[in-house]
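Undergrad: Okay, here's the prediction I keep looking at, along with the sequence it came from:
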Amino acid sequence: MLAMRDVPTSAEYRFPCKVYYEDTDCMGVVYHANYLKYFERARTEFLAARGISVAALGEQGTLFVVYRIEMTFKSPARLGDELEVVSRARLTSPYRVTFDQRIECSARSPKPLIVGEVEIVCIDPQGGLKAIPDLGL
């Protein structure tokens, strides 16, 4: 088992996204569940930037499921905001990757709007644990 101090952390990956009307509630702020979508898109693009296709891995029997999510909502994103989802990843066990993610809107604040930690587990098509493939971390 890996000790946390021995776990390397990936370089930061920045994924740009814009807040559209469909993302917001009647007050023009992003509905809380939509931040999970932004995080998910950023994780997929994080891997794609390393030449890894989540779809291709799935076709080969390597699947990823969310094990745990923790989010802190510091300030809302608003209709029209241009955001960046900043992601780092670290292998936390042979079967688990933890993504440290935050959402920024540099035009409005130097501080993150949302901070989160998402643990992903690798499984096979039958739902059994499977070793994480090389993700270029």
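TA: It's in. All values derive from a computational prediction rather than experimental measurement.

Undergrad: and the biggest helix by length in the chain, what does it pack onto?
TA: The residue-count maximum for a helix in the chain (DSSP state H) belongs to helix 34-48. Under the contact definition 3 or more C-beta pairs under 8 Å, 6 or more residues apart in numbering; DSSP states H and E, helix 34-48 sits against strand 13-18, helix 54-59, strand 63-73, strand 82-93, strand 96-104, strand 114-123. From N, CA and C alone the C-beta is placed, and that goes for glycine too.

Undergrad: Using the neighbour-count criterion, name the buried positions in the second one.
TA: If you call a residue buried by 16 or more other C-beta atoms under 10 Å, then helix 54-59 has these buried ones: residue 57.

Undergrad: contacts for that helix?
TA: With contacts defined as C-beta atoms under 8 Å, 6 or more residues apart in numbering, helix 54-59 is touched by 44, 47, 48, 63, 64, 133.

Undergrad: what's the neighbour count on the last one?
TA: What that stands for is residue 133. Residues contacting residue 133 under the criterion other C-beta atoms under 10 Å number 11.

Undergrad: got any ranges where this structure has weak pLDDT?
TA: Applying pLDDT under 70 to the chain picks out residues 1-9.

Undergrad: Reformat the helices and strands packed on helix 34-48 as JSON lines; add distance to residue 129.
TA: Shown next, in JSON lines, are those (distance: least, C-beta to C-beta, whole Å):
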{"stretch": "strand 13-18", "distance to residue 129": "26"}
{"stretch": "helix 54-59", "distance to residue 129": "15"}
{"stretch": "strand 63-73", "distance to residue 129": "11"}
{"stretch": "strand 82-93", "distance to residue 129": "9"}
{"stretch": "strand 96-104", "distance to residue 129": "9"}
{"stretch": "strand 114-123", "distance to residue 129": "6"}
